[in-house]
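K.L.:
quick one, structure for this:
(2 chains)
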Amino acid sequence: GDSVTQMEGPVTLSEEAFLTINCTYTATGYPSLFWYVQYPGEGLQLLLKATKADDKGSNKGFEATYRKETTSFHLEKGSVQVSDSAVYFCALSADANDYKLSFGAGTTVTVRA
Amino acid sequence: DTGVSQNPRHKITKRGQNVTFRCDPISEHNRLYWYRQTLGQGPEFLTYFQNEAQLEKSRLLSDRFSAERPKGSFSTLEIQRTEQGDSAMYLCASSLGLGGDTQYFGPGTRLTVL
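P.N.:
All right, here's what the predicted structure looks like:
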């Protein structure tokens, strides 16, 4: 079935460092791709999304580009802050008629001052 | 609107007991979803509703699980004869009902089965 595989954590880095979290997907159709974030003590919230190939989602300095040729949706941020410490989940919905989300296992990111 | 709410936030029960969770979605959202998340894993889809109709159920949803959304507003998830393996965070989400649209998640109900 449709699924996502994301980079295992935990990831620890210093403030202002560059962050990349890899995510690849397997899908038979044309999925929509998402990054969700879970800050400590809070619920899941959408960080960004892309609904078709070559789309770039961006929010709060994070970016991810939907690459059909490499079936990837890697998350990047050029300069992280302590407040970016969270668990990041890559997810997909298989196509426009399939509404459930399939999530990766999550990547825990800790940013040190 | 304050977003998706779930009650209770925490539930501790003994094996064999029945439990029921409630989810109140964002008011104008037609779709409502239930997911389960175990420690160190991403959420796994359980079921979803379009208004009051339950349109899809995961194989994870055994016969001991039942979900309802009687008037197309709030939803309940009941687990009968709980087992220790049911211990998890149960998440509810809602969305407007368009393909690829954003799902907004509630804070979850953490179930511990002793």
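
K.L.:
just checking, what packs against the lowest-mean-pLDDT helix or strand in chain B?
P.N.:
Counting by mean pLDDT, DSSP states H and E, the weakest-scoring helix or strand in chain B turns out to be strand B:53-57, with a mean of 90. Applying 3 or more Cβ pairs under 8 Å, 6 or more residues apart in numbering or on different chains; DSSP states H and E, one finds that strand B:53-57 makes contact with strand B:44-50. Just so you know, the C-beta spots here come from the backbone N, C-alpha and C atoms, and that holds for glycine as well.

K.L.:
and the strand it packs on, anywhere near chain A?
P.N.:
Yes: shown here: strand B:44-50 in contact with chain A (Cβ under 8 Å from any Cβ of the partner chain) through B:44-45, B:48.

K.L.:
one step back: quick one: residues in contact with the least confident helix or strand of chain B.
P.N.:
Here strand B:53-57 makes contact (Cβ atoms under 8 Å, 6 or more residues apart in numbering or on different chains) with A:100, B:46-49, B:67-69.

K.L.:
tell me what angle that strand forms with strand B:44-50.
P.N.:
160 degrees (axes from the mean of the first three to the mean of the last three Cα atoms, to 10 degrees).

K.L.:
what separates strand B:53-57 from the chain centre, distance-wise?
P.N.:
13 Å (Cα atoms, centre = their mean, to the nearest Å).

K.L.:
who does that strand pair up with?
P.N.:
Applying DSSP bridges to the sheet, strand B:53-57 is found paired with strand B:44-50 (antiparallel).

K.L.:
tell me the mean pLDDT for the strand it pairs with?
P.N.:
Strand B:44-50 shows a mean pLDDT of 94 in the predicted model.

K.L.:
could I get the residues of strand B:44-50 next to chain A as TSV with neighbour count?
P.N.:
Below are these laid out as TSV (neighbours: other Cβ atoms under 10 Å in any protein chain shown):
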residue	neighbour count
B:44	18
B:45	21
B:48	26
